[in-house]
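[1] coordinates only, sequence not included:
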């Protein structure tokens, strides 16, 4: 098995879907000759041509709006929003149009499309190249929200997302694009279903829920606390909407303690939904209050290196939170 | 002279009478729906009175059922021309079970007719225009023989989404006709507070496509303009912006009161240019419509409207359980 990076997994997945289904195409800013600012679509323009790897005008609302139109006609667009921070002009098309099309037409019209969104901090991106936007979209019925954290899941989930009959917000932890490596089989098709979370480390003392880059920091923290005798279970949520309640509840039924980690702001963040699920459905299993570790409630991640470190949860802070929770 | 040309332009005597019949039907249906609202029998109506001639002229310039249409909420007459029945419209107005546009989920006049390639739209304006360009892009990618007509009010052309969508179509020479129904008012705001240009069609120059302004009170003039734009689109020569000058003879919607912003004398003056009467007079001048035929057209429309109201009034409301789906493609009641 070959070890590849997260972004290579993503590219392979898109390449295979473009090859498999001629209705699939990619549209976004700089996705063509440039191969994307992160190089996620590198080589695809050369392979599939300008009619299927389309450089859009610099207008995000139109990237999604045009994509919706093609999907209504039966195409399978993969729309790239260059940075999550630039998605807001497209918010109207995503939330008010793509998400509601099926419901508002009583199922007559559907919008099979993927909206790829590099998100998150740790790359010196400041306020407008570091944001996490998952909570906005996880709130919206009609959308699915997916966050792969490994090359295998990046490949398998992008392929499943392209095949999904509705709109999928596909959040890519961009700090992990080249940092995260992993094995992906070359001789078999990799498909990861939208929905199920993955227990990436089994444990008995407490459950740690995360996604994207935070999932890797949680694994690192779990190894550290293991040396102090704390056995943490780590769960990579992978799909935020629909959320895998079963896996979450089963884990907490076993451990009795839950920590949720994300780099998005704390208040109204995705962790609040997990905490609410546990409060409603696992109250009797809990041996300690549910704990959230998240980005602070400032408008976005500031640029200067110490500011960035202050904002982003890391393995140290996660390990500390685990130990506190275990000691409760 | 123009009438002779129109007779050659796919419009025979029969289709001219069909055109007029649809215009009358839309007006009767629209007026009657206002009455239903004033009687407290329905919650909402948004009117197309004054727009009918432009809408029917445009729809009949298309290959109906083959071309695609991305409309907006004032397009009752256009929808009737595309095959929406008065009964279906009344089911929507009353929020009854099986209403075809949205299963009674959306407010009335938020069209969707899948069998006629009419795409569902929402209430926030200009959100539909990018969809039209996207459909045009897909048609071009697939090499299909179809075009897209999308309509909008002049106020909505202030939206960034509208410029972005027209820009796309111009760049890629997409087979789209952008029709603007300019009635000079966006609820209460007049055109000179929406744009500095004299005509919406002037905006086309800045985006690199042709723009024309036509008399939207004249169904044949609109039919001609849309036919020419459609021919350009079919030939691969790209989009056209067609601005039809129409008049809004009612308040914005049943929830609006226009007395605070619209002089009564102005509204009165519009009646002299009522597009229904103008079409009637034209057909009579052409010798295609007798007084007796006119009476029959009116009576047929009135009967259809009453039949539709009766039908919809006795139709059941949807089951509350229907409201919970389909959130995702393939969702069912039992899912």
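    Yep, it's here. A quick note: this is a predicted structure, and the numbers were derived from the prediction, not measured.
[2] Which residues of the stretch 151-300 of chain A lie near chain B?
    Neighbours of chain B within the stretch 151-300 of chain A, by Cβ under 8 Å from any Cβ of the partner chain: A:165, A:166. For every residue, glycine as well, the C-beta is placed using N, CA and C.
[3] Look up phi and psi at the single nearest residue of the stretch 151-300 of chain A relative to chain B.
    Residue nearest to chain B within the stretch 151-300 of chain A (Cβ to the nearest Cβ): residue A:165, separated by 3.7 Å. Residue A:165 adopts backbone torsions of phi -80, psi 0, taken as degrees, to the nearest 10.
[4] can you pull the contacts of it?
    A:110, A:112, B:328, B:329, B:330 (Cβ atoms under 8 Å, 6 or more residues apart in numbering or on different chains).
[5] what ranges do the helices span in the chain?
    In the absence of a named chain, chain A is used. Along chain A, counting by DSSP state H, helices occupy A:6-20, A:44-48, A:60-73, A:88-91, A:101-104, A:134-138, A:151-163, A:176-179, A:213-226, A:245-255, A:270-281, A:305-311, A:315-327.
[6] wait, chain B
    B:2-8, B:13-38, B:52-59, B:76-82, B:86-94, B:128-142, B:160-171, B:203-207, B:219-234, B:264-270, B:275-285, B:291-314.
[7] low-confidence ranges in chain B?
    For chain B, applying pLDDT under 70 flags the ranges B:1-9, B:333-335.
[8] from it, which residue is nearest to chain A?
    Proximity of chain B to chain A (Cβ to the nearest Cβ) peaks at residue B:134, 1.8 Å away.
[9] count of residues packed around residue B:113?
    21 (other Cβ atoms under 10 Å in any protein chain shown).
[10] Excluding residues flanking it in the chain, which one is nearest it?
    Using Cβ to Cβ, 6 or more residues apart in numbering or on different chains and skipping the chain neighbours, the partner closest in space to residue B:113 is residue B:84 (5.9 Å).
[11] Up against chain B, what does the stretch 1-150 of chain A have?
    A:25, A:51-52, A:56-57, A:59, A:61-62, A:64-75, A:89, A:92-93, A:96-97, A:100-110, A:112, A:141-142, A:144.
[12] Kindly tell me how buried the closest residue to residue B:167 other than its chain neighbours is, as a neighbour count.
    Sequence neighbours aside, residue B:207 is the residue nearest to residue B:167 in space, at 5.5 Å (criterion: Cβ to Cβ, 6+ apart). Number of residues near residue B:207 (other Cβ under 10 Å) recorded here: 20.
[13] next one: residue B:276
    Neighbour count for residue B:276, taken as other Cβ under 10 Å: 18.
[14] ok, and the closest non-adjacent residue to it?
    Per Cβ to Cβ, 6+ apart, closest to residue B:276 is residue B:27, 5.1 Å.
[15] ok, that neighbour - contacts?
    Going by Cβ under 8 Å, 6+ apart, residue B:27 touches B:49, B:52, B:77, B:276, B:301.
[16] Closest to residue B:59 out of those residues?
    Distance to residue B:59 across the contacts of residue B:27 (Cβ to Cβ) is lowest for residue B:77, with 7.9 Å.
[17] Does that closest one touch residue B:23 like I think?
    Yes. Counting by Cβ atoms under 8 Å, residue B:77 does reach residue B:23; the two are 6.3 Å apart.
[18] what residues do the two have in common as contacts?
    Both residue B:77 and residue B:23 are contacted by B:52, B:53, B:56, under the criterion Cβ under 8 Å, 6+ apart.
[19] same for chain A: which of these are within range?
    Within those, nothing lies near chain A by Cβ under 8 Å from any Cβ.
[20] Neighbour count added to the residues you listed, as TSV?
    What follows is the shared contacts of residue B:77 and residue B:23, written out as TSV (neighbours: other Cβ atoms under 10 Å in any protein chain shown):
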residue	neighbour count
B:52	31
B:53	32
B:56	29
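[21] Closest one of the residues you listed to residue A:182?
    Proximity of the shared contacts of residue B:77 and residue B:23 to residue A:182 (Cβ to Cβ) peaks at residue B:56, which lies at 61.0 Å.
[22] Run a quick check on that closest one versus residue B:24, I expect a contact.
    No. Under the criterion of Cβ under 8 Å, residue B:56 makes no contact with residue B:24, lying 9.9 Å away.
[23] which of the residues in stretch B:220-234 are buried?
    With burial defined by 16 or more other Cβ atoms under 10 Å in any protein chain shown, the residues of stretch B:220-234 counted as buried are B:220-230, B:232-233.
[24] sorry, back to before: now, of the helices of chain A, which is deepest in the fold?
    Among the helices of chain A, ranked by average contacts under mean count of other Cβ atoms under 10 Å in any protein chain shown, first place goes to helix A:60-73 (a mean of 29).
[25] So which elements touch it?
    Counting contacts by 3 or more Cβ pairs under 8 Å, 6 or more residues apart in numbering or on different chains; DSSP states H and E, helix A:60-73 packs against strand A:24-28, strand A:76-80, helix A:88-91, strand A:113-119, helix B:128-142, helix B:160-171.
[26] quick one on the thing from earlier: let me see the contact set for the residue nearest to residue B:113.
    Counting by Cβ under 8 Å, 6+ apart, residue B:84 has contacts B:100, B:111, B:113, B:116.
[27] before we move on, the earlier item: tell me the one of the shared contacts of residue B:77 and residue B:23 nearest residue B:239?
    residue B:56 (21.9 Å).
[28] gap between stretch A:7-15 and the chain center?
    Centroid separation between stretch A:7-15 and its chain, computed with Cα atoms, centre = their mean, to the nearest Å, is 15 Å.
[29] Whichever residue of the stretch 101-250 of chain A sits closest to chain B: how many residues sit nearby?
    Nearest to chain B in the stretch 101-250 of chain A, going by Cβ to the nearest Cβ, is residue A:106, at a distance of 3.2 Å. The tally of other residues near residue A:106 (other Cβ under 10 Å) stands at 23.
[30] Quick check: it touching residue B:103?
    Yes. Between residue A:106 and residue B:103 there is a contact at 3.2 Å, judged by Cβ under 8 Å.
[31] For the residue most central in space within chain B, which residues are in contact?
    By Cα atoms, centre = their mean, chain B has its centre lying nearest to residue B:75, at 2.4 Å. Residues counted as contacts of residue B:75 (Cβ under 8 Å, 6+ apart) are B:48, B:51, B:55, B:109, B:111, B:151.
[32] Just name the closest of these to residue A:9, please.
    residue B:111 (42.5 Å).
[33] I'd guessed that closest one sits against residue B:101; true?
    Yes. The pair residue B:111 / residue B:101 is scored as a contact, 5.4 Å apart, by Cβ under 8 Å.
[34] Quick check: neighbours shared by those two?
    In contact with both residue B:111 and residue B:101: residue B:120, using Cβ under 8 Å, 6+ apart.
[35] circling back to that earlier point, quick check: chain neighbours aside, which residue is closest to the residue of the stretch 151-300 of chain A closest to chain B?
    Per Cβ to Cβ, 6+ apart, closest to residue A:165 is residue B:329, 3.7 Å.
[36] Quick one: residues contacting the residue of chain A found nearest chain B.
    For chain A, the residue closest to chain B is residue A:69, as judged by Cβ to the nearest Cβ, at 1.8 Å. Shown in contact with residue A:69 (Cβ under 8 Å, 6+ apart): B:70, B:130, B:131, B:132, B:133, B:134, B:135, B:136, B:137, B:138.
[37] rerun that using 10 Å as the cut-off
    A:62, A:75, A:77, A:97, A:111, B:68, B:70, B:119, B:128-139, B:148, B:150, B:165, B:168, B:174, B:176 (Cβ atoms under 10 Å, 6 or more residues apart in numbering or on different chains).
[38] Could you pick out the buried ones from these?
    The neighbour count (16+ other Cβ under 10 Å) marks A:62, A:75, A:77, A:97, A:111, B:68, B:70, B:119, B:128-139, B:148, B:150, B:165, B:168, B:174, B:176 as buried among the contacts of residue A:69.
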